[in-house]
Every structure is written in structure tokens, then in C-alpha cells.
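Peer 1: coords below, sequence missing:
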């Protein structure tokens, strides 16, 4: 019997914002192998595939695009991890149960106060976070109302006890791309681009990192220098992050961000407003 969530999904905190993260595109060396990994190990469904690319998602919504043709190793800047946000804690427990049964090597498990997260990498070294959010009313706040985050130990045994019995049915409808975390050359430069040029708000500072969002979310975009301090622009056709999508909730949000992108030197190549950050990470806007 396939596993289904044991609780009703609630309002999605990441999508409750003027702009959120959409599809993340990765340039890969082994397209069939990576497609199988994101389908079988991560639990996404294949929406479309051909010899050039595979698109995977949940509930029919595209979340990860894999593009064939990586011709150079990934440089220091680029993707730290993409972050798949599950609808509930029960869904996170069910995913952990199938990861344990497959003996997937986790690289971390953290309670961030606003969320609970599991970390691993795909076979080509692209970081992945699988997480669930606490309700905004549960997020701890500082005296000025600012969000407080931490990296505390997550009790995996307690989480596993909440998993349902039976075969894992894959990531449920309602799973979204909650955020994206980037490796950059300097945090101030990332803030100057994503905050000052694109209009994101800095929500939290952490040593060597900034967490930015719209609509009061804890973060849609994070940027760190933990392994990339001083990194320069990425090269063309290198493995790893190809581009990621910013999705506007309505026409007003779309028009506002489009104006920011074009004012910052972006373009509308292919019909979608887009721009590269100082490290060559391409951002594209959609409705």
C-alpha cells in the first residue's frame, strides 16, 4: 500500500508572497542517471523528457529541469542547494522513511526554528534540501520583530516515528520549490544585487550568509561564502546551476519585478525577462 500524508496540508508559507521560486534548472553530464535519481530517490515525477532535457515535479507542477550538455566542472560560485518544500511534517517523515530504506546518505539534518530540513547531494554534487515549514505564527522573533533562525540538531528518530507504514508514493501534490541557496563571492555583492536591484528584503544575517525574501517569508534566496569567498563569474556550459525562475503572484508583482530586472541591465531574450547576478547565475521571471 502506498504511503499518503497523514495530515492535511496547510497554507504554503513560501508561496504566500508577491514573488517566489519556481523551476530550478541544472546542467548535467548524465541526463538519464540524474533523471532516475530525482525520480526514484527524491520522489519527483517525470513530467516530460527527451534526449536534451527532463522536467520533474510534483502534482504536475515543474520543479527541477535537468539539461544535458555540461562541458566543464562546476566552479566555486553557483548552487549551494535547491530546496524542496513539503506540505507537512508527516510528508517529511515519510520522505525520511524512504530515504532510510534506500540508504540514501544524508549530509545533514537541522531544526532551523522556522523549519525542519534534511540535506543530501545528487550524484553530480548538486545540493538538495528537503524541508517542511512551521507556521509563521510559530516562527521565533527578536525584540524588533525580526525572524530568528538557528541550526539545531533535528531528532531523526522522533521524526521517523511519524512516518506511515507502506511503500512511498513519491512527493505529494503541494510540494514546491521553497527556496534556492547560492554560493557567491561576497555577501555584500549578493545583497546589492538581490536586495538593491531586484527588491528582495534581507530577512536574516548569519555568519557568512544572507537570507532574502519577499512577503515576509524566512527566505526565498540565500547566498553564502562558506566555500566560495572571492569567487568570480561562472563559465559558460559548466555543470550545476543553469538558471532559476522567479514566479510573480499577480500582474502587479510581475510588472514591478520586470521593471527592476530591465533597469538593472537585464533582457527579455526568449520572451521572459531575465538577468544574471554578478556570478553568472541566471534569473528568469514568469507569472
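Peer 2: That came through, no problem. This structure is a prediction, so every number in the text was calculated from the model and none was measured.
Peer 1: what about residue 254, distance to residue 171?
Peer 2: Relative to residue 171, residue 254 is positioned 27 Å away (CB to CB, to the nearest Å). Placement of C-beta: from N, CA and C, glycine included.
Peer 1: quick one, helices of the stretch 1-150 of the chain?
Peer 2: Ranges of helices in the stretch 1-150 of the chain, per DSSP state H, counting those that start in this stretch, are 31-36, 89-102.
Peer 1: list the buried residues for the last one?
Peer 2: When neighbours are counted by 16 or more other CB atoms under 10 Å, the buried residues of helix 89-102 are found to be 89-99.
Peer 1: cool, the shortest one as well?
Peer 2: Neighbour-count burial for helix 31-36, counted by 16+ other CB under 10 Å, picks out 31, 34-35.
Peer 1: ok, stretch 115-132 next?
Peer 2: For stretch 115-132, using 16+ other CB under 10 Å, the buried residues are 115-120, 122, 124, 126-132.
Peer 1: quick revisit: tabulate the helices of the stretch 1-150 of the chain in CSV, adding columns for mean pLDDT and distance to residue 285.
Peer 2: Below are the helices of the stretch 1-150 of the chain laid out as CSV (pLDDT from 0 to 100; distance: least, CB to CB, whole Å):
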stretch, mean pLDDT, distance to residue 285
helix 31-36, 98, 26
helix 89-102, 96, 29
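Peer 1: which of the buried residues of helix 31-36 lies closest to residue 189?
Peer 2: Proximity of those to residue 189 was ranked by CB to CB; the top entry is residue 34 with 30.2 Å.
Peer 1: show me what contacts that closest one?
Peer 2: 26, 28, 54, 66, 122-124 (CB atoms under 8 Å, 6 or more residues apart in numbering).
Peer 1: measure it to residue 118 for me?
Peer 2: As judged by CB to CB, residue 34 and residue 118 stand 19 Å apart.
Peer 1: before we move on, what about residue 92?
Peer 2: Distance from residue 92 to residue 118, by CB to CB: 7 Å.
Peer 1: same thing with residue 203?
Peer 2: Distance, residue 203 to residue 118, using CB to CB: 22 Å.
Peer 1: so which residues of the stretch 51-200 of the chain form strands?
Peer 2: Listed in chain order, the strands of the stretch 51-200 of the chain (DSSP state E, counting those that start in this stretch) span 53-58, 61-68, 78-86, 108-111, 115-121, 127-133, 152-153, 167-168, 176-183.
Peer 1: returning to that earlier point: can you list residues touching both of residue 92 and residue 118?
Peer 2: With CB under 8 Å, 6+ apart, residue 92 and residue 118 have common neighbours 130-131.
Peer 1: which of the contacts of residue 34 sits closest to residue 17?
Peer 2: Distance ranking of those against residue 17, using CB to CB, places residue 26 first at 23.8 Å.
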